[in-house]
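Asks: Generate coordinates for the sequence data below:
(chains A, B, C and D)
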Protein chains: 2
Amino acid sequence: MAASTLSEVARLAGVSLATASRVLNGSSRKPAEDIAERVRDAADKLGYVPNAQAQALAKSSSGLIGLVVHDIADPYFSAIARGVQEAARQQNRMVLLASTSGTPADEKQAVAAFAARRADSMVIAGSRSVREEDKQGNAELAAELDRYCRNGGQVGVVGHPVVGASAADGYHVVEVPNEELAAGLAGQLAATHDGGFVIIAGPEGLYTSDDRVRGFQQGLADAGRPAAEVIRTGFNRAGGFQAGQALAERIKGSKERLCIFAVNDVMAIGVTAALRPEGVWIPRDATVAGFDDIETLRDFRPALSTVHLPLEDIGRLAAGDPDTPPITGTVKLRRSTEAPVGPQL
Amino acid sequence: MAASTLSEVARLAGVSLATASRVLNGSSRKPAEDIAERVRDAADKLGYVPNAQAQALAKSSSGLIGLVVHDIADPYFSAIARGVQEAARQQNRMVLLASTSGTPADEKQAVAAFAARRADSMVIAGSRSVREEDKQGNAELAAELDRYCRNGGQVGVVGHPVVGASAADGYHVVEVPNEELAAGLAGQLAATHDGGFVIIAGPEGLYTSDDRVRGFQQGLADAGRPAAEVIRTGFNRAGGFQAGQALAERIKGSKERLCIFAVNDVMAIGVTAALRPEGVWIPRDATVAGFDDIETLRDFRPALSTVHLPLEDIGRLAAGDPDTPPITGTVKLRRSTEAPVGPQL
DNA sequence: CTGTTAGCGCGTTCAA
DNA sequence: TTGAACGCGCTAACAG
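Replies: As a prediction, the model looks like this:
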């Protein structure tokens, strides 16, 4: 038993298809009130639900907005997703979700699927990479996006342009000032920290990670400090944990109080978690800072110094919301980077 | 410049529409290999992307699965969303996302929108409620779901049936054994805790909250303990925080070491966060337990005792994945409920 | 203001 | 095996 159709409603109301359509679905021209009511009654009686697919086909506008993320359960992405969702709601559209493993090849698949569904626009979140292994995938992804844009699609990319994508119409990038913010963080940390710095970074070639590393180094240089050593690892908690384990020995074997900058919050949490069982206490024996200011981690102790990013706004902006302010971040110094004898909050 | 259509491809390949369709989109009957190749070439040249809307219209099956959550940025829901996403991927379908404010009225809207898009199935997560204020909304939601099911839709609900929904075909509930698990938690806590218990619960009428409260009380009773006092507050971190503030005085003013059970993890975190600045240390001055075992909170210190729920599996199951095991939880006792002189992990 | 008609892009039944 | 024709449910031109 399929859902009832508009023509059934029209027949029951004793009017034509067009009239029923005008009454039930948004049209500029409003039919007479008495006939309109009859149509509404009929629709009600039949439990009529307009077929959005058919509407989309006829109007060639689907009211869909696609969202590509690496992992919807990652708090970074889910915060962005919330922003996209809100923007979609305001625009009276629905969100199509695609979680990919993070490889460009997978993302290309997702983009193609969105294009097939004729999504009006789409948002691509997740770090871009220039690693050799992603080269072909990037090219294909760029081609797919390009075609989509040429067909009138709107694309919002978070962070960096997709590698190789031409600056087509309808293609816009929500720039996140990772580099400046990381420099700012480094500057503020250098003001109170005398010892050395170490950076826990993601794999080389990940733009977001690379930008934050570069910015941080620049900030150190501006403060007259030597460059920090960079440890490359996975761009997630597990990566941070590994790096933390590797650092533990070193910290315990030296008198120096190291300041550790992990290029994102979950990595910083991983570092801290690895250090704790080794008896290395933050901020007593070393200090730790992250990046992103993930909401769920805000109750973490010691409170994590980080850079606040308005992730929801980023999502909203990428989804094409006009009255979202441009993206700016804020350095947040908290307990994890306090001086050795700071207040015991 | 709109995307190219199947008939354009057919014309360029010099074949009929039907043939092109058979070649490009899954059909049982395969045309000759030489002609098939010509069609594929043409499609490639034109950058043909099948219009999923039109396909859906013709086949009356959209390949869409709707997901209703209260807040996609809430780690509880985003974990479930991951499960749904994975199931969808396996079934070669896409996820339509709707975040609602949590009111049944909003959820009804979302369900209607999914129905309009002719989603093949949908998943509704988020606690059901029997509060008076939700009565009408619940009824409308139930009616909407009912109609959707009658039209052949599949509905998976997490936790509890939607209030008032008739057990229609295609309607199934992923039961979460909240009550038994809460009882189990209470039992294990009672084994090592001598003092009193307090429960921080959500508003009365929220099934999930009520079940956990009831189970916990039952568990206490089975252990020969008096019933715990129940404090009602918001079902989120803010609610927990408020309750924590209210409790702080009492804990400081008494010698008794209270065991606080918050009906979910984020509330437990809120309680702990409120207690900390008041100088109440966990587990020294009081102990705290939660429910859900949210992944992002696992590095929280003191490590939170809780009940582990396989949220991804729940999502997968609700999305109709056949080979996901039935849902069982596990009590996880960690540092936050340890005896006063436990090991300093 | 209303009704008729022609598509939107595709799957699928029929004849050929 | 291939192609012509119809229908999926709806919108938007037209004509009345």
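Asks: so how far is residue A:208 from the residue of the stretch 201-345 of chain A found nearest DNA strand D?
Replies: Going by Cβ to the nearest atom of the strand, DNA strand D is nearest to residue A:320 of the stretch 201-345 of chain A, at 21.1 Å. Quick note: C-beta positions are derived from backbone N, CA and C, even for glycine. Note on residue A:320: its distance to residue A:208, by Cβ to Cβ, to the nearest Å, is 22 Å.
Asks: got it, and residue A:198?
Replies: Going from residue A:198 to residue A:208 by Cβ to Cβ gives 19 Å.
Asks: which one is the residue in the stretch 101-250 of chain A that DNA strand D sits nearest to nearest to, not counting chain neighbours?
Replies: Nearest to DNA strand D, among the residues of the stretch 101-250 of chain A, is residue A:118, at 12.9 Å (Cβ to the nearest atom of the strand). Leaving aside its sequence neighbours, residue A:118 sits nearest to residue A:62 (Cβ to Cβ, 6 or more residues apart in numbering or on different chains; 4.5 Å).
Asks: what kind of secondary structure is the one you found in?
Replies: Classification of residue A:62 by DSSP: H, G, I helix; E, B strand; the rest coil places it in coil.
Asks: can you pull the contacts of it?
Replies: By Cβ atoms under 8 Å, 6 or more residues apart in numbering or on different chains, the contact set of residue A:62 is A:52, A:56, A:117-120, B:53.
Asks: from what I can see residue A:252 touches residue A:275, true?
Replies: No - the criterion here is Cβ atoms under 8 Å, and residue A:252 misses it with residue A:275 at 9.6 Å.
Asks: Quick check: neighbours shared by these two?
Replies: Contact criterion Cβ under 8 Å, 6+ apart; residues shared by residue A:252 and residue A:275: residue A:285.
Asks: So which of those two has more stuff around it?
Replies: Taking neighbours as other Cβ atoms under 10 Å in any protein chain shown, residue A:252 and residue A:275 compare with residue A:275 leading, 24 against 13.
Asks: My guess is the more buried one contacts residue A:246. True?
Replies: No - counting by Cβ under 8 Å, residue A:275 stays clear of residue A:246, with 10.6 Å between them.
Asks: Please save the CA atoms from the helix or strand hosting residue A:251 in CSV.
Replies: Assigned by DSSP states H and E, residue A:251 falls within helix A:237-252. Provided in CSV are the C-alpha atoms of helix A:237-252 (Å, rounded to 0.1, in the frame of the first residue of the first chain):
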residue,chain,number,x,y,z
ARG,A,237,44.3,10.1,20.2
ALA,A,238,46.2,6.9,19.5
GLY,A,239,48.9,8.9,17.8
GLY,A,240,49.2,11.2,20.7
PHE,A,241,49.3,8.3,23.1
GLN,A,242,52.2,6.8,21.2
ALA,A,243,54.1,10.0,21.1
GLY,A,244,53.5,10.4,24.8
GLN,A,245,54.9,7.0,25.6
ALA,A,246,58.0,7.9,23.6
LEU,A,247,58.4,11.1,25.4
ALA,A,248,58.0,9.7,28.9
GLU,A,249,61.5,8.3,29.2
ARG,A,250,63.0,11.5,28.0
ILE,A,251,61.1,13.7,30.4
LYS,A,252,61.9,11.4,33.3
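Asks: So for it, what gets flagged as buried?
Replies: By neighbour count with 16 or more other Cβ atoms under 10 Å in any protein chain shown, helix A:237-252 contains the buried residues A:237, A:239-245, A:247-248, A:251.
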